[in-house]
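> Mind folding the following:
(2 chains)
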Amino acid sequence: MPDNGLLVQMILGALLGLSVYLPMAAGQLSLATPAFYAVGGTLAALMATQGPSAPTISLAAVLLEMLLAAGLTAALAVLVGLPVLRLRGIYLAIATIALVEIVRVAILNLPFTGGATGIFGIPQPFREPLGYLWLSGALLALSGWACQRMETSRLGRSMAAIRDDELASRCMGINTTRVKLTAFVASAALAGMTGVIAAHYLNTWNARQGSFDVAVTTLAFVILGGSRSWLGPVLGGLVLTALPELLRPVGDLRLVLFGLVILLGPVLFPQGLITPALLERFGRWKP
Amino acid sequence: MIDSLLQILLNGAASGGVYALVALGYTLIFSVLGVINFAQGALFSIGGYLTFLLMGGKIGVNGALPGWGLPAGLPFWLALLLAALGSGGVSLVVERIAFAPLRRRGAEPLLSLITSLGAGVVLVNLLQILMGAEGYAFPQGTAALAQLPDALLIGGARIRTVQVLLLLISALAVAALSLWLERSRTGQAMRAVAEDPTTATLLGINSEAIVRLAFLISGMLAGLGGGLIGMSVSLAGPYFGISYGLKGLAVLVLGGLGSVPGAIAGGLLMGLAEALIPSEASGWRDALAFAVLFAVLLLRPNGLLGRRQLEKV
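All right, here's what the predicted structure looks like:
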């Protein structure tokens, strides 16, 4: 049985997987999750280390940070998404890679983010990992519930329609740019809030937390789990975060493994582990 | 003042030439398939490390085979050429694994962005396991460039010979490629496939062979860039090609997706813009390309020299 610390990391992985999944459910490839995750983590690190240094922080303060991080990343997502989402899908992929790089360079060079070493001694709201398990678990449950509701809503159906045929959806009167933007903003806010939890949990934060590698890792979560239902990225995030920890000898090969998932997944198992056929069998989750 | 400006301009043009090589690699594949090959940066790294090894460089202590190296080193020219061919070969393998199966299935083109990203990640990390994460300086440094002087004096400005070579070689490669695309029969066939693969096939052009040729050439361009940067700067770890690959994307958007003159002009512009950043702000240099990318997407999404793409129903 994995310990609570690993369980927290697995849930954080599942949350980031959901963040990559949301735009993909509308047929968009966004690699910006690490950028929003980094913005959220940096915001939390900065806010929590203001004033006299203390080893602990109240849960209310952390929740406030999450709220602000969600707002800030959502605003950033609108700013980036609005010009780009009018264009073809390929531009979003390129622009989001660019965003990851800009955020990384900014955190490395801004005078108040601690440069390459980052920010240390971020106060803890909980004494045990169990507290983080409750907090991240609650966020995951809430996000899962929202995704489940969304999939049968007008918005979710519009996303699925855009994914199947964007031009046809537009002809049917779906405001495709608005739907895509909504998915992108939700993805950003979720990654931002996850970053806040991660910054407190890790106790330290630096520019490497939001590197290009995170984009690859989180993309692997969605490809392995499947992007036909929100359960896919959650499962992928849980499994692929636990796997390298449980198989210690893999060590150096972690990124090779994730790269292989991304390289071969779309060819060998295009629908991922959670396929529509599987969901059909468990009628409750009929897509 | 004038001298140092000249120096800055030449430095900028030299790195701009390499950006143009990378962007042209993207352009070739984009024009025949309408997708981006995210493995391009990894091929850049591979070209740099292959050149290093072929020149007789030894693997460092953190690599898989510490101290291993070829018994004799080749001259830089030959090593560079062979390394470019090697990168081209790897590019063909990438096409076979990451692109061909999806194309045959008629899958969503966006999926090959994902698979090619995976291919790049696998390649770079395998390179890291083989060579270790440390940086490498080229074996004999500039001495390998025959008996050329270390630096040239041009109009009072002191320019490193290797920078001039960088500029010359990339200019030569770019010119040869443009001429070939424009004039040769195969180049015309490639442009026909870019325009409409189905019609091209009906006209007796082997589209699949043309696609493979595009991957070969684009891999060779990336490998060439990697070897040149390795020689003029150094190999800063296996990920060094990724950052050139990412900047190449910004250049691609700046010039206009699929435009050959756009890729060349965009590369030069980007190199010059970076060279003009004062040294106090050099930490921000790596963000410039991406800031430009956003500005272009906002103001002129088809790039400086791109054509407007109409969606077909």
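
> Do a quick rundown of the helices in chain B.
B:2-33, B:40-54, B:76-94, B:100-105, B:110-131, B:161-183, B:185-195, B:197-202, B:207-232, B:240-255, B:260-275, B:285-299 (DSSP state H).

> typed the wrong thing, it's chain A
Taking DSSP H as the criterion, chain A carries its helices at A:4-25, A:33-48, A:59-84, A:89-109, A:129-151, A:154-164, A:166-171, A:176-202, A:212-225, A:231-246, A:254-268, A:276-281.

> highest average neighbour count across the helices of chain B?
helix B:40-54 (a mean of 29; mean count of other CB atoms under 10 Å in any protein chain shown). The way it works is simple: take the backbone N, C-alpha and C, and place the C-beta from them, glycine included.

> so what's residue A:36 closest to, chain neighbours aside?
Nearest non-adjacent residue to residue A:36, counting by CB to CB, 6 or more residues apart in numbering or on different chains: residue A:191, 3.7 Å away.

> OK, contacts around that neighbour?
The neighbours of residue A:191, taking CB atoms under 8 Å, 6 or more residues apart in numbering or on different chains as the test, are A:15, A:16, A:19, A:32, A:33, A:34, A:35, A:36, A:37, A:40, A:73.

> if I read this right, the second one contacts residue A:234, doesn't it?
No. Counting by CB atoms under 8 Å, residue A:16 sits too far from residue A:234 to count as a contact (10.4 Å).

> which one of those two has more residues nearby?
residue A:16 (30 against 26; other CB atoms under 10 Å in any protein chain shown).

> Below-threshold pLDDT in the chain: ranges please.
Here I'm looking at chain A. Flagging of chain A using pLDDT under 70 yields the residue ranges A:1-2, A:247-251, A:283-287.

> Not quite, go with chain B.
Along chain B, segments meeting pLDDT under 70 span B:1-3, B:140-148, B:154-156, B:307-313.

> quick one: which of the contacts of residue A:191 is nearest residue B:193?
Using CB to CB, residue A:32 comes nearest to residue B:193 of the contacts of residue A:191, at 32.9 Å.

> Flag every residue of the stretch 1-150 of chain A that's near chain B.
Taking CB under 8 Å from any CB of the partner chain as the contact definition, the stretch 1-150 of chain A meets chain B at A:27, A:29, A:80, A:83-84, A:86-91, A:93-95, A:97-99, A:101-102, A:105-106, A:108-109.

> how does it look with 10 Å?
Counting by CB under 10 Å from any CB of the partner chain, the residues of the stretch 1-150 of chain A close to chain B are A:24, A:27-29, A:31, A:79-80, A:82-84, A:86-95, A:97-106, A:108-110, A:115.

> ok, residue B:285 - contacts?
For residue B:285, the contact set (CB atoms under 10 Å, 6 or more residues apart in numbering or on different chains) comprises A:105, A:109, B:273, B:274, B:275, B:277, B:278, B:279.

> Could you pull up the contacting residues of the nearest residue in space to residue B:86 that is not next to it in sequence?
Excluding the flanking residues, the one nearest residue B:86 by CB to CB, 6+ apart is residue B:50, at 4.7 Å. By CB under 10 Å, 6+ apart, the contact set of residue B:50 is B:79-80, B:82-87, B:90, B:127, B:223, B:226-227, B:230.

> circling back to that earlier point, minimum distance to residue B:284: which of the helices of chain A has it?
Using CB to CB, the nearest of the helices of chain A to residue B:284 is helix A:89-109, at 5.7 Å.

> Return the alpha-carbon coordinates of that closest one using CSV.
Extracted C-alpha coordinates of helix A:89-109, given in CSV (Å, rounded to 0.1, in the frame of the first residue of the first chain):
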residue,chain,number,x,y,z
GLY,A,89,-5.6,23.8,-33.7
ILE,A,90,-1.9,23.8,-34.6
TYR,A,91,-1.5,27.4,-33.4
LEU,A,92,-2.7,26.6,-29.9
ALA,A,93,-0.1,23.8,-29.5
ILE,A,94,2.6,26.2,-30.6
ALA,A,95,1.4,29.2,-28.6
THR,A,96,1.1,27.1,-25.4
ILE,A,97,4.6,25.7,-25.8
ALA,A,98,5.7,29.4,-26.1
LEU,A,99,3.8,30.3,-22.9
VAL,A,100,5.5,27.5,-21.0
GLU,A,101,8.9,28.9,-22.0
ILE,A,102,8.0,32.6,-21.3
VAL,A,103,6.7,31.7,-17.8
ARG,A,104,9.8,29.6,-17.1
VAL,A,105,12.2,32.4,-18.2
ALA,A,106,10.1,35.0,-16.3
ILE,A,107,10.3,33.0,-13.0
LEU,A,108,14.0,32.5,-13.5
ASN,A,109,14.6,36.2,-14.1
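
> what's the spacing between it and its chain's center?
Helix A:89-109 sits 15 Å away from the centroid of its parent chain (CA atoms, centre = their mean, to the nearest Å).

> Could you do stretch A:198-216 as well?
Worked out by CA atoms, centre = their mean, stretch A:198-216 lies 12 Å from the chain centre.
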